[in-house]
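1. got a structure for you, letters missing:
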């Protein structure tokens, strides 16, 4: 990676911290674009794993009044200064506030910034908040990028859908240019391509379905 020259500490942790700070990454998930706390990026990555970075989105403020000792939050951090909500206990105080969601980063408590604090420091601040006294949380939710993608509905077919009768079209996304819908190979073509691939592997040691 460019920009990391010795004698700068050349470690994965330091580079990750610099990237998170510059790109305002709240956290990363492995092999899913969803805010899934069970898929948080850990210390091990496989060769075929895909990393999704969740960056800063909209800011919101909520007023909270402690009526119990615990708010019902489990907090963690990304190691680069951003503490975020990992879990909300069902039936807790925070669970009754619909605008607070798992994945929200806690940016400030009563206008006091906590960016740069570790998760246990943030948890201690929240624990020490007096009961029956309202306080304000400033939260930053992860930017939503794939929310428009949903399952197909059984609505009436449009004219464009009626033209696609075979169901063998494929949407191809290119690095440059717009997305295009291309005709997928027929069953005969797929079978022929597989046989050609078998021959290539037998005689040349090459197996490449795209080729």
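-> Arrived safely. The model shown is predicted, which means the values in this text are computed figures rather than measured ones.
2. contacts, neighbours, all on C-alpha from now
-> OK.
3. what's the weakest-modelled helix or strand in this structure?
-> Within the chain, no helix or strand scores below helix 159-163, which has a mean of 49 by mean pLDDT, DSSP states H and E.
4. strands along this structure, start to end?
-> Using DSSP state E, the strands of the chain run over 25-30, 51-65, 73-77, 83-88, 105-109, 112-113, 134-142, 169-172, 180-183.
5. residue 191 is nearest to which of those?
-> Among these, the nearest to residue 191 by Cα to Cα is strand 180-183 (16.1 Å).
6. what's the closest non-adjacent residue to residue 60?
-> Excluding the flanking residues, the one nearest residue 60 by Cα to Cα, 6 or more residues apart in numbering is residue 139, at 5.3 Å.
7. list the contacts for residue 88?
-> 72, 73, 74, 94, 95, 101, 102 (Cα atoms under 8 Å, 6 or more residues apart in numbering).
8. so how far is residue 126 from it?
-> 14 Å (Cα to Cα, to the nearest Å).
9. any weak-confidence spans in this protein?
-> 1-23, 43-44, 145-185, 200-211 (pLDDT under 70).
10. so which residues of it form helices?
-> Listed in chain order, the helices of the chain (DSSP state H) span 12-23, 119-127, 159-163, 187-204.
11. closest one of the contacts of residue 88 to residue 53?
-> Distances from residue 53 to the contacts of residue 88, taken by Cα to Cα, are shortest for residue 102, at 15.5 Å.
12. hmm, the closest one is touching residue 89, no?
-> No: Residue 102 is beyond contact range of residue 89, at 10.4 Å (criterion: Cα atoms under 8 Å).
13. the two: who's more crowded?
-> Using other Cα atoms under 10 Å as the criterion, residue 102 and residue 89 rank with residue 102 on top: 18 against 14.
14. find the nearest non-adjacent residue to the more buried one, please.
-> residue 85 (5.2 Å).
15. any idea how many residues pack against that neighbour?
-> 21.
16. give me the distance between the residue nearest to residue 60 and residue 29.
-> 20 Å.
17. neighbour count: those two, which is higher?
-> residue 139 (24 against 20).
18. show me what that one is bridged to.
-> Per DSSP bridges, residues listed as beta-bridge partners of residue 139: residue 60, residue 106.
19. so who does it touch?
-> 59, 60, 61, 62, 104, 105, 106, 107, 108.
20. let's have those in CSV, adding distance to residue 38 and neighbour count.
-> Shown next, in CSV, are the contacts of residue 139 (distance: Cα to Cα, whole Å; neighbours: other Cα atoms under 10 Å):
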residue, distance to residue 38, neighbour count
59, 24, 14
60, 25, 14
61, 26, 18
62, 26, 12
104, 15, 25
105, 17, 27
106, 19, 24
107, 23, 24
108, 25, 17
